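> Any chance you can model this:
(chains A, B, C and D)
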4 protein chains.
Amino acid sequence: MTLRFGVIGTGAIGRDHIRRMTNTLSGGEIVAVTDVNQEAAKQAVGQFKLNAEIYPDDQSLVNAENVDAVLVTSWGPAHEQSVLAAIKAGKYVFCEKPLAATAAGCMNIVEAEIKHGKRLVQVGFMRRYDSGYVQLKEALDSNMIGEPLIIRCAHRNPSCAETYSTDMAVTDTLIHEIDVLHWLIDDDYKSVQAIFPKKTKRALDHLQDPQIFLIETERGVHIHAEVFVNCKYGYDIQCEIVGEEGIIKLPEVSSILIRKNAQLSKNILMDWKERFIDAYDKELQSFIDSIRETGEPSGPTAWDGYIAAVTADACVKAQKTGVREPIALKEKPDFYQDGSESKR
Amino acid sequence: MTLRFGVIGTGAIGRDHIRRMTNTLSGGEIVAVTDVNQEAAKQAVGQFKLNAEIYPDDQSLVNAENVDAVLVTSWGPAHEQSVLAAIKAGKYVFCEKPLAATAAGCMNIVEAEIKHGKRLVQVGFMRRYDSGYVQLKEALDSNMIGEPLIIRCAHRNPSCAETYSTDMAVTDTLIHEIDVLHWLIDDDYKSVQAIFPKKTKRALDHLQDPQIFLIETERGVHIHAEVFVNCKYGYDIQCEIVGEEGIIKLPEVSSILIRKNAQLSKNILMDWKERFIDAYDKELQSFIDSIRETGEPSGPTAWDGYIAAVTADACVKAQKTGVREPIALKEKPDFYQDGSESKR
Amino acid sequence: MTLRFGVIGTGAIGRDHIRRMTNTLSGGEIVAVTDVNQEAAKQAVGQFKLNAEIYPDDQSLVNAENVDAVLVTSWGPAHEQSVLAAIKAGKYVFCEKPLAATAAGCMNIVEAEIKHGKRLVQVGFMRRYDSGYVQLKEALDSNMIGEPLIIRCAHRNPSCAETYSTDMAVTDTLIHEIDVLHWLIDDDYKSVQAIFPKKTKRALDHLQDPQIFLIETERGVHIHAEVFVNCKYGYDIQCEIVGEEGIIKLPEVSSILIRKNAQLSKNILMDWKERFIDAYDKELQSFIDSIRETGEPSGPTAWDGYIAAVTADACVKAQKTGVREPIALKEKPDFYQDGSESKR
Amino acid sequence: MTLRFGVIGTGAIGRDHIRRMTNTLSGGEIVAVTDVNQEAAKQAVGQFKLNAEIYPDDQSLVNAENVDAVLVTSWGPAHEQSVLAAIKAGKYVFCEKPLAATAAGCMNIVEAEIKHGKRLVQVGFMRRYDSGYVQLKEALDSNMIGEPLIIRCAHRNPSCAETYSTDMAVTDTLIHEIDVLHWLIDDDYKSVQAIFPKKTKRALDHLQDPQIFLIETERGVHIHAEVFVNCKYGYDIQCEIVGEEGIIKLPEVSSILIRKNAQLSKNILMDWKERFIDAYDKELQSFIDSIRETGEPSGPTAWDGYIAAVTADACVKAQKTGVREPIALKEKPDFYQDGSESKR
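Got it, this is the predicted structure:
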């Protein structure tokens, strides 16, 4: 049984998922496409020689009989409505981040999914599928380092667009750490404080760069997260977890070892698109496989999308107030308890 | 256009390729299966829920109208006949190593393919698709380290089966280095000398382990290749290339970095199957993609299969004589010149 | 000209310096010894076969004609009086940390030295002589990474004594980071905040462990310093500096690389005494050499001792208040301006 | 008791040892100097402000009453006569490599020392004092990797003088590996084969570069030693030992870790003098300490000097003949059995 997909939004990310589904993955196929710009939808169909129907809007696409699952890759503010429509139609939905533009919007989706009674939604947080993070998760779950106490992480880009603003350090950048860290340590966030260190001369006037976020979890884990989007030297994702019995750290990106010009070196990526290329493939393949095998997606849930939204709101507030801000999550519904227990 | 495959041989490797084609890759499908043990063929069809016909022998499978390409995963001595049948039928063929049991058999295939006039055959040397080797190849082709002068490599297994014999160090183990090294440096082998160092106490009486092969290429590159199949500590593939301007080395397998028990460590694999798991996927996906896009496979050719056979023969002879043995290749047919020129 | 030393205090550190001076270093000799426990002083003379006179107290030792320089290795509260006596007598003095028990005591020494008119005092902060820190300093001074923006460091011990208390995380442990970091970046501290993450189960009830200190410098550098004295896995000193153009990190302790038992590993020290063994030798040799060559010591000054005291006081206060505390240094006297300008 | 040294030969190495003895080490002092160029001897005395007498020749210096030990740092062909004179006078002697210009000359020294009845001679092979090699030795002696089976090593210089000739790859370069490897594995050499790989374009016409030496030991260990003196990228010493239970490898030179310009790098030395600077200090300090504590030196013996000479002769012969040449050592005299047994 091939899973038949409808795509809502054929911008860069939408076309990338279409390419992935068509040329790389197994078990899925694009049968429907829509975009607010109908011409863009047509071009996507042509570019990838899809045998797919073009729909006028998300509503009609979602309700098409031959559509089993929906890929939501439109712009952020439109996500909520498409996801709700998919849930209403009982269709699976893979939604790129953010799940909704607001925490309240995420909660609407959570409630709709619970009402539907079965998991339909997966949010596009791909890091959980990166082999380095998977290794960290396995080490933590097997209790290799005991209880986690401190996490240090960094998210660095060589440079950023002029339009990149101080709050985007949270909503576009830190958002990936926000999702992956609570998953790694199976804990909830409690509060956050933002610190602005000395600013690099490479950042434009309107942008604070680098930034530090000090996040505390319910169990007391101290997270020190650096966002530095004009670091110049490379695209670099670091994550180190200090536990009671030892410390584990994300691998460097695999590179040949070079002895040349008085240096022993490895290459660092400059382009963020290469860093998680395998993880993007794996998250969507997992979405397909999990639905085909179990009838439900197994990746980041609507509840994870809600956590990301609430936490991001608190981080943005902390940027402005300079003091520690609470991260006030509602209680996790039973619906999202997966019953899995780590060995710690 | 989906490429329709027939599989000849449904043993462990055959079933692994069936799984890969069915669950992981894009653009191919299994439509025909045969095995000398018809019951095994039936089980494979059942296990993977294939919509595939079972044929009584390779001949009939190859000639089936709906078969576009053949996967030869039977035992080695049967490969030649199946590959020749496929070429005769004008079908694409992906053949696991060895291409044929003898150098003469490989040459029969080479001649048949040349006579057919178009590339049909790809041999299953997966290392060329490993990201580490690809990085080495790119570095060499971009002239990063100038002319290569010396190569040191090692192929180590924690332990081996009782049935593993001294010559299998060449035919089962070194064979992968034989293929990948001449491809890396775009050079031909000239001679080989075998050295038996002190034997590990872990090797059974009948087995020489470790072994060293000193291979010289036409341009004078000195290759020092270690085979050590009872090294105990892990499955470990090493390759370092010394050039005029610098040295490059295969990456270690990506692993989290662990601080624990007075050690700073990375994990080493114990199971060889994990080491090239991505490369296996990529080689077969590349076979499919290349045929769909250009009408010919682009991986290791029948000529590469012939090189491997002649070189392996010389290495086995060198094990016995203890002296330097020539590696006497016929001249490379124009048919296999790909016109690509490295920048060196 | 051999520099003739008097030693005040023949406990463990005192005897270690006597051993060093006698068996390892060049250009110095122990000619006088005192200890509040005269028996201990006698034993030290015997143990190292010193040709040295035993004095009843620091005052008489300092004033002995044949004493050129004094090593103050008594317990902390006694340091101030001995150092002041040495300055009054115009003798060079190498004083183990702390320079004095209070910031006010350090200021007394600073004022006495200024009044004397020439540098006499060096404080025993040995990290500035560690080859790793020296490399960091050279990289920063040569502007390799541009302006420093963020520093992350960690000071970890496998375990600590029962008597180790929460404030000793500052006065015994962080004190080394306090000295070395402002020297590295040539900057002054401005404020500090202490954070207590989840406590390791290995720490006794009375001890907060690990602890985090967030220090801000005058130029805005953000320092994240971890103290973790029951980390179990090893004695480990980490320091990473994020700059505008790149990042530099302290080397791991030099170790052979081991492939064994499915791990690729280096050794981590368990004993702190081994970590800076070379630096201890170099700091005292430098004290001797600098005085012999220039007439003044060139290492950490009395002013550095004052900075350490003021900063440590603020860190201890921050442990108690939980809020950001100012680090209020007086203005640096011209006397301690060394005229050196980094290239940044 | 200070050990009083006479120095024979005040060229670059001689002056370096004078500087070391005078400014860095403890327990030794230069009291006598000679050089075939008396003016050079005078300059050395002046440069280091030595309180030392200048002698007209080695004979008179050796016999001076206040000379306890002799440093032989003249040119190689003169070593034998000076060492023999020192032994005759019953003086300790530290002799830079080579111990003598020929194997026969070394044997003369061995016989003279045995006749004298006590160890007097230490040869200047400093690598045994390098902390990396010491760690390898400790690992081997503690049986960490079981029996050694294969050694791969490399000795690389960025470039060499025009006068450097093909045989100097043995006598000036490989000589250090020759000494340190048999010490590491406590084994004797049996035979050697030389291989000349493709030559780098950076080597002058008269020089073969790189070169490979394949040495076999009595226990069957296979050594693959690369000498590459125009490798361009750095001064780099590599050594890896493959054993039955694991593999150990010499550490890279300690360097800060740098993230800059899309590379994660460590520095490689360009100047060989920096590589073993600590080992030079330690070998001479050990010579002094061992004599003061035990009455005999404990470093490389005259017999080790003889081993180096015989092995180097065989390597040079192997360069010319192209075939495997025996390394025919006489039986080791009981005098040089140190009774130490490794745990293997």
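> quick one: low-confidence parts of the stretch 201-344 of chain A?
A:339-344 (pLDDT under 70).
> which parts of it sit against chain B?
By the rule CB under 8 Å from any CB of the partner chain, the part of the stretch 201-344 of chain A lying against chain B is A:245-251, A:254-261, A:266, A:285, A:289. For glycine as for every other residue, the C-beta is placed from the backbone atoms N, C-alpha and C.
> Keep only those of those that are in helices.
The helices, defined by DSSP state H, take in A:285, A:289 from those.
> hmm, which of the residues of the stretch 201-344 of chain A next to chain B are the buried ones?
The neighbour count (16 or more other CB atoms under 10 Å in any protein chain shown) marks A:245-251, A:254-256, A:258-260, A:266, A:285, A:289 as buried among these.
> about what we covered before: same for chain D: which of the residues of the stretch 201-344 of chain A next to chain B are within range?
Applying CB under 8 Å from any CB to these, those adjacent to chain D are A:255, A:259, A:260, A:261, A:266.
> Among the buried ones among the residues of the stretch 201-344 of chain A next to chain B, which ones lie close to chain C?
Restricting these to those adjacent to chain C (criterion: CB under 8 Å from any CB) gives A:245, A:246, A:247.
> Give me the neighbour count for residue A:195.
A count of nearby residues for residue A:195, using other CB atoms under 10 Å in any protein chain shown, gives 20.
> my hunch is that residue A:85 is in a helix, does that hold up?
Yes - with DSSP: H, G, I helix; E, B strand; the rest coil as the criterion, residue A:85 is part of a helix.
> burial of it, as a residue count?
22.
> quick one: it and residue A:59 touch, right?
Yes - applying CB atoms under 8 Å as the test, residue A:85 and residue A:59 come out as touching, 5.6 Å apart.
> tell me the phi and psi of the residue most central in space within chain A?
Centroid check for chain A by CA atoms, centre = their mean gives residue A:125 as the closest residue, at 2.2 Å. Backbone torsions for residue A:125, taken as degrees, to the nearest 10, come to phi -100, psi 100.
> quick one: it from residue A:250, how far?
Distance from residue A:125 to residue A:250, counting by CB to CB, to the nearest Å: 16 Å.
> those helices in chain A, which residues are they?
A:12-23, A:38-47, A:58-63, A:79-88, A:103-116, A:131-141, A:168, A:175-185, A:272-275, A:277-294, A:302-321.
> got the contact list for the first one?
I take that to be helix A:12-23. A:5, A:7-8, A:10, A:28-30, A:33, A:35, A:44, A:47-48, A:50, A:71, A:73-74, A:96, A:280-281, A:284, B:26-27, B:289 (CB atoms under 8 Å, 6 or more residues apart in numbering or on different chains).
> do the same with the third one
Residues outside helix A:58-63 that contact it (CB under 8 Å, 6+ apart) are A:6, A:8, A:32-34, A:55, A:67, A:70, A:72, A:74, A:78, A:81-82, A:85-86, A:88-89, A:91.
> Quick one: mean pLDDT for it?
Averaging pLDDT along helix A:58-63 yields 98.
> now it: how far from the chain's centre is it?
24 Å (CA atoms, centre = their mean, to the nearest Å).
> same deal with stretch A:139-153?
Offset of stretch A:139-153 from its chain centre (CA atoms, centre = their mean): 21 Å.
> go on, stretch A:48-55?
27 Å.
> right, is it up against chain B?
No - applying CB under 8 Å from any CB, one finds stretch A:48-55 separated from chain B by no less than 9.9 Å.
> Flag every buried residue along that stretch.
By neighbour count with 16+ other CB under 10 Å, stretch A:48-55 contains the buried residues A:48, A:50, A:52, A:53, A:54, A:55.
> End to end on it, go ahead and measure it.
17 Å (CA to CA, to the nearest Å).
> Can you pull out the residues in contact with that stretch?
With CB under 8 Å, 6+ apart as the criterion, stretch A:48-55 contacts A:6, A:15, A:18-19, A:22-23, A:29-34, A:38, A:41-42, A:44-45, A:61, A:64.
> Recalculate using a threshold of 10 Å.
The contact list for stretch A:48-55, computed with CB atoms under 10 Å, 6 or more residues apart in numbering or on different chains, reads A:4-8, A:10, A:15, A:18-19, A:21-23, A:29-35, A:38, A:41-42, A:44-45, A:60-64, A:66-67, B:1.
> Filter those residues down to the buried ones, ChimeraX style.
Buried residues among the contacts of stretch A:48-55 (16+ other CB under 10 Å), as a ChimeraX selection:
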select /A:4,5,6,7,8,10,15,18,21,22,29,30,31,32,33,34,35,41,44,45,61,62,64,67
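> Which one of the residues in the stretch 1-150 of chain A is closest to chain B?
Going by CB to the nearest CB, chain B is nearest to residue A:135 of the stretch 1-150 of chain A, at 4.5 Å.
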